[in-house]
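Visitor: Whatever this is, show me its structure:
(chains A and B)
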There are 2 protein chains.
Amino acid sequence: MDTFRRIVLASRPAGPVTPENFRLEEVPVPECGDGQLLVRNHWLSLDPYMRGRMSEAKSYAAPQPLGETMIGGTAGEVVASRHPKFAAGDRVVGYLGWAEMGLSDGTGLTKVDTTHVPLSAYLGPVGMPGVTAWVGLNRIIAPKAGETVVVSAASGAVGSVVGQLAKMAGCRAIGIAGGADKCAYVVDELGFDACVDYKATSRDGVLDERAFSLQLKAAAPAGIDGYFENVGGAILDCVLQRMNAFGRIAVCGMIAGYDGQPIPLKYPQLILVSRLKVQGFIVSEHPDAWPPALKELGAGVASGRIKYRESIADGLAAAPEAFIGLLKGRNFGKQLVRLA
Amino acid sequence: MDTFRRIVLASRPAGPVTPENFRLEEVPVPECGDGQLLVRNHWLSLDPYMRGRMSEAKSYAAPQPLGETMIGGTAGEVVASRHPKFAAGDRVVGYLGWAEMGLSDGTGLTKVDTTHVPLSAYLGPVGMPGVTAWVGLNRIIAPKAGETVVVSAASGAVGSVVGQLAKMAGCRAIGIAGGADKCAYVVDELGFDACVDYKATSRDGVLDERAFSLQLKAAAPAGIDGYFENVGGAILDCVLQRMNAFGRIAVCGMIAGYDGQPIPLKYPQLILVSRLKVQGFIVSEHPDAWPPALKELGAGVASGRIKYRESIADGLAAAPEAFIGLLKGRNFGKQLVRLA
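Guide: Numbering: from 1, shown residues only, chains lettered A, B, ... in the order given. Below is the predicted model:
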């Protein structure tokens, strides 16, 4: 094989992402130079943060350049190495992007052990999404046993881990998810105490806040002490009104506003009234958290105590549609693309 | 004198506070029983938090009961005592309410030394407002030397101390205040580096956010690391857009919404994008901060290093109008009522 396929950013989205924002290219396999290694990617991770990189708006990271390989987390196998720390056959995770192969000098690449943890899990519960859950829960929410923790996008790669870690910490864990099947999974499979289906109280994509709030109150009768926010918008408004005094909100994502929709916060005064702490964070800025988080998460997955679910698209060409589905909540669990 | 005057809450405001929400009463001076002391109040403090107590809406404190003496901080002199720890002639501060006299069992009453600090200052920079500034700045914003700290209501009892403490901490201190005279005072007298006059970029009480933001940018060219929030509304929207990564916002008040006006936060996603910490606080919930704060503030006032200004209304009957003026920003510095 002398060529491999990759997907580049063809244009920036004006509103929702469309398939035309991406372009599939076939490019030559590069030479593996001294100090370099060549990886065949088996899995590509699709994550909401990528939406932010596609825009030029101010964000915490530089925008994805046009015409270059889309950024993305990958897991794969070393096929050639002239790097002292890697050998052909090594399983590695890193950020080689939306591409079937990648050349690397080793930067950001980590060898992983797939004896007890499947390779793809290093892109989910034992990777960036899992550590994101761990940091938001332990470093920002810092829940005490007996407290109530709520997480939105609860069946997703991050949310599912948040709730399971909260349960391990002795908390009441409440999920928010879209659809009866996701909610059933969150409670029956993941062991959350309850899950509120926001789609059941929505019409034409608009949340009936009153009806949703009643459901939330029923699920969290003692109020909410910690909230892990992945979505923003009307759901955040409702949760804010149920927060207990001294509650903590970890802001991990606000997917409701990713296409430029206005998502004003209706009652910011509740931050004062309830003496809340609302804090945004990016997992990559907490490097010291990764080793303890990965140790705990790896042990949890290996033992089966931490459960997870994957939504798998087949082949690189399927990545754009899978990504668009992820942004619309069509995935169920961690969204991956199988590349090999 | 067998009677004294007090002001009770006659009705709850529906929208802005009106004089009719209050009622002046003349009541008999009570007997000073065993373990009690009687205080003649010299000063009544008027503070924005009182507005919250007048409503029945959910807040951090129980609402002020109808027909009872309005809650309020006072400074005065003991005129009779059958309490072992107080003697006639002692100067005391406490919460005896909107009243010329008060009977107390000593709870919440503190003897103060007026040798170097005037009695009224114990209701301002060396009292609750000063400690509020200290807690929000030191416990939440925690600024490092060289950082930029912005405070709204900068010429007020709390804001004026925030900026002066920020300067002492080696920060660039920027005020936001209404009117050229207040801004001149904040810079020329209090020593802030700059002050933005929001009234200069408002028309009919509505902020021109674009014009205001340009002024704010000119005053804080390196962005904003810490923001001490007293007002909320459109000003908060503008400040949020100028916050640097890892900025901290201490939410002390949101006076813009005290009459029930909607004050939505336009871009909550900036909390994530800029990885901000936004935290509400109430000074009474930080009891351990009071001793170190009062020590530093008392020394600062005694030495003249911390400056302050008072807006004095004469006589208890003037309190309702003075309070209404305070909510509208008509005061200039700490609003007091002289009672004796």
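
Visitor: Around chain B, pick out the residues from the stretch 101-250 of chain A.
Guide: A:Gly232, A:Leu236, A:Ala245 (Cβ under 8 Å from any Cβ of the partner chain). Heads up, the C-betas are built off the backbone N, CA and C, glycines and all.

Visitor: Identify the residues contacting the helix or strand harbouring the second one?
Guide: It refers to A:Leu236. Using DSSP states H and E, the secondary-structure element containing A:Leu236 is helix A:234-242. Helix A:234-242 has contacts (Cβ atoms under 8 Å, 6 or more residues apart in numbering or on different chains) with A:150, A:152, A:176, A:198, A:206-207, A:209, A:212-213, A:216-217, A:220, A:223-224, A:227, A:229, A:249, A:254, A:256, A:263, A:265-267, A:270-271, A:276, B:268.

Visitor: Quick one: name whatever helix or strand follows that helix.
Guide: strand A:243-251.

Visitor: re earlier: from the residues of the stretch 101-250 of chain A next to chain B, which would you call buried?
Guide: Buried by 16 or more other Cβ atoms under 10 Å in any protein chain shown: A:Gly232, A:Leu236, out of these.

Visitor: and the least confident of the residues of the stretch 101-250 of chain A next to chain B?
Guide: Ranked by pLDDT, those bottom out at A:Gly232 (94).

Visitor: Any chance of the residues of the stretch 101-250 of chain A next to chain B in JSON lines with distance to B:Thr110 as columns?
Guide: JSON lines is the format used below for these (distance: Cβ to Cβ, whole Å):
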{"residue": "A:Gly232", "distance to B:Thr110": "45"}
{"residue": "A:Leu236", "distance to B:Thr110": "41"}
{"residue": "A:Ala245", "distance to B:Thr110": "26"}
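
Visitor: what's the angle from the helix holding A:Leu236 to strand A:243-251?
Guide: Interaxial angle, helix A:234-242 versus strand A:243-251 (axes from the mean of the first three to the mean of the last three Cα atoms, to 10 degrees): 140 degrees.

Visitor: hey, C-alpha coordinates of helix A:234-242 in CSV?
Guide: Taking Å, rounded to 0.1, in the frame of the first residue of the first chain, the C-alpha atoms of helix A:234-242 are listed here in CSV:
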residue,chain,number,x,y,z
ALA,A,234,-32.4,25.5,28.5
ILE,A,235,-31.3,22.5,30.5
LEU,A,236,-28.7,24.5,32.3
ASP,A,237,-31.4,27.1,33.2
CYS,A,238,-33.5,24.3,34.7
VAL,A,239,-30.6,22.7,36.6
LEU,A,240,-29.5,26.0,38.0
GLN,A,241,-32.9,26.5,39.7
ARG,A,242,-32.5,23.2,41.5
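
Visitor: Now do it: distance to the chain's middle.
Guide: Chain-centre distance of helix A:234-242: 21 Å, with Cα atoms, centre = their mean, to the nearest Å.

Visitor: Also stretch A:81-98?
Guide: With Cα atoms, centre = their mean, you get 23 Å for stretch A:81-98.

Visitor: same thing with stretch A:34-50?
Guide: On Cα atoms, centre = their mean, the centre of stretch A:34-50 falls 16 Å from that of its chain.
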